[in-house]
Each structure stands twice: as C-alpha cells, then as structure tokens.
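Chemist: Generate coordinates for the sequence data below:
(one chain, ligands or ions: 1)
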Amino acid sequence: MGEESRKLDVILFPFLAHGHMIPMLDIARLFVSRGAKATIITTTLNAPTVLKSIQNSQKLGAPIDLEIFPFSTRQVGLPEGVESFEQAIGLDMFGQFMAATDMLRSPLEQLLESRRPDCLVADMFLPWATDAAAKFDIPRLVFHGTSCFSLCAIEVLRLYPLNVPLSDDEVFFLPHLPGDIKLTRLQIPVEYRENFEGQFKRFMNRIGESEVKSYGVIVNSFYELEPAYADYYRNDLGRRAWHIGPVSLCNRNREEKAQRGIEAAVDEHDCVKWLDSKEPNSVIYICFGSMAIFSSAQLHEIAMALESSGQQFIWVVKGRGDIRENDQEWLPEGFEERMEGKGLIIRGWAPQVMILDHQAIAAFVTHCGWNSILEGISTGVSMVTWPLGAEQFFNEILVTEILKIGIPVGAKEWGKVGSVPLTVKQEAIEKAVRQIMAGEEAEEMRNRANRLKEMALRTVEEGGSSYSDLSSLIEELCSKSKGD
Ligand SMILES: O=c1ccn([C@@H]2O[C@H](COP(=O)(O)OP(=O)(O)O[C@H]3O[C@H](CO)[C@@H](O)[C@H](O)[C@H]3O)[C@@H](O)[C@H]2O)c(=O)[nH]1
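Modeler: Here you go, the predicted structure:
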C-alpha cells in the first residue's frame, strides 16, 4: 500500500461474543498490515482477551490501539461480571444483554466526535452504529461474520417471508436464490417462520435496515468460494460488499495460531507433540464453537460414538463452570483410560486454528459456525456437519451440497444458541465419523477440501481476490476522506 493508506484511520467495534470478536481482531490486523491505523473498542472485562491479541500483533510490528468502554450491567438487570453474549445466553438474558449493548452507543458517539476516523467497522449486532457514524459523516461498514450464502439466504427470507403454513418437515425452496436451495421449516430460524412476531424478529429487521443504509459490508469469505452468492448479494440484493477472507490466515506461524482467541485449556506444545505422533490424515477434530453447551446426555452419546468408531480424535468439551466436576455425568466409565493415546479431550478452550492446521487432522465435526467452517476450509479438512441454531443450517448446505466437502450428521431442527439437548444418537454420529474418515467418498471430499485450501491461501496473497478487495476498499476510503 502506498502513502495514502497510512493515513487511513479505522475504528472497529466487535460484538461482545468470541465468534465475532476473534475475526474482527484479525480484520484490525489486516488493516494495520496494509498501512492503516486501527483501534478496537471493547469493554472492561473483555479487554484482557483483546489486549492479548493486540500485543501479539504489536510483536509483529503492527500496533493496534484499544479503547475500553464500561458495560452497564446493573442498570439493565444483568448480574455483575456478565459482559459476554455467551454468559448472557447461558442465563437466558438476551434482552438485558442487548439493552446493555445499546448503551454503548453514547460512548461510541463521543469517541467518533472527538476522533473523526475515516471509517467505522461495526458488528451487525450494533445496528445503531450506522446512524451514530452518520451523525459525524463517517462511513459505517457492517461486519456480519457469516458466509455470503447465509447472508443471501437470510435476506431473501426477510424480504419474502414464508406465508403459507408448512408442516415441519415439508421441503421448500428458498425463493429467488440461485441453486434451488431446499430446506424444511424446522431448519430455518423461528423468526423467519410464518406469522412469527417477537423481539428477535424486530431486532433482525433493524439489522437488515441498518445494513441497507450503511456504506457497505465486509465479508469474511472469498469470491471464488461462493461466486454465485457473492454476485447475487452485490447485483440482486444491491449490497456494496468487500470479500476479504479468510481473515484467520493473517495468523501465519504456529505461535500466532496457538495464541488466537482466549487462553487455551491445553498446553500448545503437548497438543502438538500428541498430534506429531499421529500419521497424516488420521485424526478427527470435534468442536462446537464458543457458545454451545451440550447436555450430559448428548455428550455421552458422542463419547460412545467416538469409541465405537475406532477413530483417533481430539474432542473439545465445554461446560458452564468447571466441566471436570461433572465428568461422571457424561463420560462413560473408564473412557479416558481406554482412549489413552487414541483420543484427547480438551475441556475448555482449544487452540483450534493450530490444531486444524496440523497434518494429522483429516476431518472436523463442526456446528457450522462460519469461523469454524472457514478455518476448516483454509486448512483443507473435510467436515461432519452438525448445525445447532443461528444461521448454521444455511452454512451446512453450503458445505455439504454446494462445496461437497462434508457429510451431515442428520441434525433436523434449529434450536436456540446455548444449551443443546440430546437430538443425535450414537449410531448416526458413529456412521458419519466413519464415513468422513475412510473410503473413496472420504478421499474425494478431502481432495476437494485441499483444492479449496489452495484457493484460500492464494486469495489472501498479493494479486488474490481477497487481497485486491481489501486494497480497493482502502483506496476508496482514502479517496473519500480526501474528498475526491
Ligand atoms: O475451543 C475453541 C472454540 C472456538 N474457537 C474459535 O472461536 C471461533 C468460534 O466461531 P464459530 O465457529 O463461528 O462459532 P460460534 O462461536 O458459535 O459463532 C457465532 O458467530 C458466528 C459468526 O457470526 C456464526 O457463524 C455462528 O453461527 C455463531 O454461533 C472460531 O474462530 C474458533 O477457531 C477456538 O479457538 N477454540
């Protein structure tokens, strides 16, 4: 980047959830690596995680500034110390959490007024950010964090709601979307089912409207991955969008990959040593993102399936509080002794990007959170898809039907993010795990996944489409700020 971009001043405001904060930190690093100045906003209790990432970035000579806003828990009835979406969801306090989040608008406006940055990149869950930025004539870019395919699917469902009552498992086609995309009523989020009214639907409408009024959208994906939907989003839905991903690829060496996100519950060196002792493409990795907490009954079913599948695995298990205290509720007796050397359980946070990048990993059982999928694509692994809620059933279609690099475990019903009841039995899990690890079909999927990985690596290098999209965005923002 030339002289101009060095002057670009970008403020980034992620939503207070790890699945949103982590990619936004990568985006900040991307801007800085291209000569811009970047500031991340977060709240007091989220500051240590952000600070860790910022310090890593600083070591690489790419400093990012931090701006800390206080989070008003008490005024909205949230317990003290609840500053992340994951915690609020666990307490079933979505409304209160969003009310406290809305109160961040005022310190944001003060910051924008005094700092007058060239641009504000704010998460989709902060729909008021467009108007806040407009007050000071600052362009606001929206960051959703999901695939372009899901952005299109959600928007067509918002614009053309289902008006006819369908039975739960009746198949329907997503209207207008290229590719004849089939879904059942139970797979789509409740707010898009016929005649549904409620707080979350009104909120999603606010998000849709604020996106239309914003300067444009930053997408963590790359054009070649989903060209039909990138074109549909731009040409048919009329969005100005820049595809700049996979953003996780800005973490280049093992240390950076291991350090991404919050502190891991496993020593990274032990983890690598364990993986180094395995043959290439011989281990399956199981992890369901930062938010989902599985019931003991469902965890038990996964354990039984992993054991009977005979496959080697790394399984990430999360719980509320210390999961180890409840081991006897979900872990079959003697499981870890029997699995010694064959399977590794990580209780808590795993260094996911580092693990996925290891040559021993062949496949990934994922809940289809978009970061996880894109990280899987960037490392060439095939997937067993197990969507739970949010937009994950759409992402599953992209992986299994469009990209053809995954097998569905057979999850049928969209659920609320957070607690996961028992829905998928041992036999189905075992079957999918065996299918993705061995046989001709598994090999073909892995080959396709590897081709996508090569494309992903190319797209973020100079001359690649994501690299060029970020260049055009930076150039456009620079010209705008100079009044060209
Ligand atoms: O033990 C863990 C668990 C997660 N991660 C990282 O945390 C992120 C998790 O993101 P994602 O896979 O997208 O899952 P969620 O945390 O569930 O993400 C939420 O946000 C995503 C982006 O908007 C949506 O696609 C999902 O549906 C929504 O649940 C990824 O970068 C992972 O690498 C780790 O590093 N270690």
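
Chemist: for the record, mean pLDDT for stretch 386-401?
Modeler: When pLDDT is averaged along stretch 386-401, the result is 97.

Chemist: Just the buried residues of it, please?
Modeler: 386-400 (16 or more other Cβ atoms under 10 Å). All C-beta spots, glycine's among them, are computed from the backbone N, C-alpha and C.

Chemist: Tell me, how many residues neighbour the residue of the stretch 1-150 of the chain found nearest the ligand?
Modeler: In the stretch 1-150 of the chain, the residue that lies nearest the ligand is Gly19 (2.5 Å; Cβ to the nearest ligand atom). Around Gly19 there are 22 other residues, counting by other Cβ atoms under 10 Å.

Chemist: do the same with Asn56
Modeler: 18.

Chemist: secondary structure class for it?
Modeler: helix (DSSP: H, G, I helix; E, B strand; the rest coil).

Chemist: one step back: could you list which of the buried residues of stretch 386-401 also contact the ligand?
Modeler: Ala390, Glu391, Gln392 (Cβ under 6 Å from any ligand atom).

Chemist: Dihedrals phi and psi, the residue nearest to the last one when sequence neighbours are not counted?
Modeler: Ranked by Cβ to Cβ, 6 or more residues apart in numbering and with sequence neighbours excluded, the top spatial neighbour of Gln392 is Cys368, at 3.9 Å. When read as degrees, to the nearest 10, the backbone of Cys368 gives phi 70, psi 20.

Chemist: is it true that Cys368 touches Val399?
Modeler: Yes - Cys368 is within contact range of Val399, at 6.9 Å (criterion: Cβ atoms under 8 Å).

Chemist: Give the residues shared as contacts by the two.
Modeler: Common neighbours of Cys368 and Val399 (criterion: Cβ atoms under 8 Å, 6 or more residues apart in numbering): Thr385.

Chemist: which bits of the protein sit near the ligand?
Modeler: 18-20, 22, 145-146, 261, 287, 289-291, 316, 349-350, 352-353, 369-372, 375, 390-392, 417.

Chemist: Now do the spatially most central residue of the chain against Lys135, distance only.
Modeler: The centroid of the chain falls nearest to Asn371 when counting by Cα atoms, centre = their mean (3.2 Å). For Asn371, the distance to Lys135 equals 32 Å [Cβ to Cβ, to the nearest Å].

Chemist: helix, strand or coil for Ile286?
Modeler: Relying on three-state DSSP, one would call Ile286 strand.

Chemist: quick one: it and Glu197, what's the gap?
Modeler: Counting by Cβ to Cβ - Ile286 and Glu197 are separated by 37 Å.

Chemist: higher neighbour count, those two?
Modeler: Neighbours per residue (other Cβ under 10 Å) separate Ile286 from Glu197, with Ile286 holding more: 25 against 8.

Chemist: Quick check: bridge partners of the more buried one?
Modeler: With DSSP bridges as the criterion, Ile286 is bridged to Trp315, Val365.

Chemist: ok, now which ones touch it?
Modeler: Counting by Cβ under 8 Å, 6+ apart, Ile286 has contacts Ile302, Leu306, Phe313, Ile314, Trp315, Val316, Phe364, Val365.

Chemist: ok, 7 Å please
Modeler: For Ile286, the contact set (Cβ atoms under 7 Å, 6 or more residues apart in numbering) comprises Phe313, Trp315, Val316, Val365.

Chemist: Mind putting these into a markdown table with neighbour count and pLDDT?
Modeler: A markdown table is the format used below for these (neighbours: other Cβ atoms under 10 Å; pLDDT from 0 to 100):
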| residue | neighbour count | pLDDT |
| --- | --- | --- |
| Phe313 | 22 | 98 |
| Trp315 | 20 | 98 |
| Val316 | 21 | 98 |
| Val365 | 26 | 98 |
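
Chemist: for those, which one is nearest the ligand?
Modeler: Of these, the one sitting nearest to the ligand (Cβ to the nearest ligand atom) turns out to be Val316, at 4.8 Å.

Chemist: Would you check that that closest one makes contact with Ile284?
Modeler: No - Val316 lies out of contact with Ile284 (Cβ atoms under 7 Å); the separation is 11.8 Å.

Chemist: what's the helix or strand for the closest residue to Ala241 other than its chain neighbours?
Modeler: Sequence neighbours aside, Val217 is the residue nearest to Ala241 in space, at 4.5 Å (criterion: Cβ to Cβ, 6+ apart). Secondary structure from DSSP states H and E places Val217 in strand 216-219.

Chemist: all helices of the stretch 101-250 of the chain, in order?
Modeler: Secondary structure of the stretch 101-250 of the chain (DSSP state H, counting those that start in this stretch): helices at 105-115, 129-134, 148-159, 199-213, 227-231.

Chemist: among those, which gets the worst mean confidence?
Modeler: Minimum mean pLDDT among the helices of the stretch 101-250 of the chain: helix 199-213, a mean of 87.

Chemist: How about it, which residues are buried there?
Modeler: Per 16+ other Cβ under 10 Å, helix 199-213 contains these buried residues: Phe200, Lys201, Phe203, Met204, Ile207, Ser210, Glu211.

Chemist: Cool, thanks, talk later.
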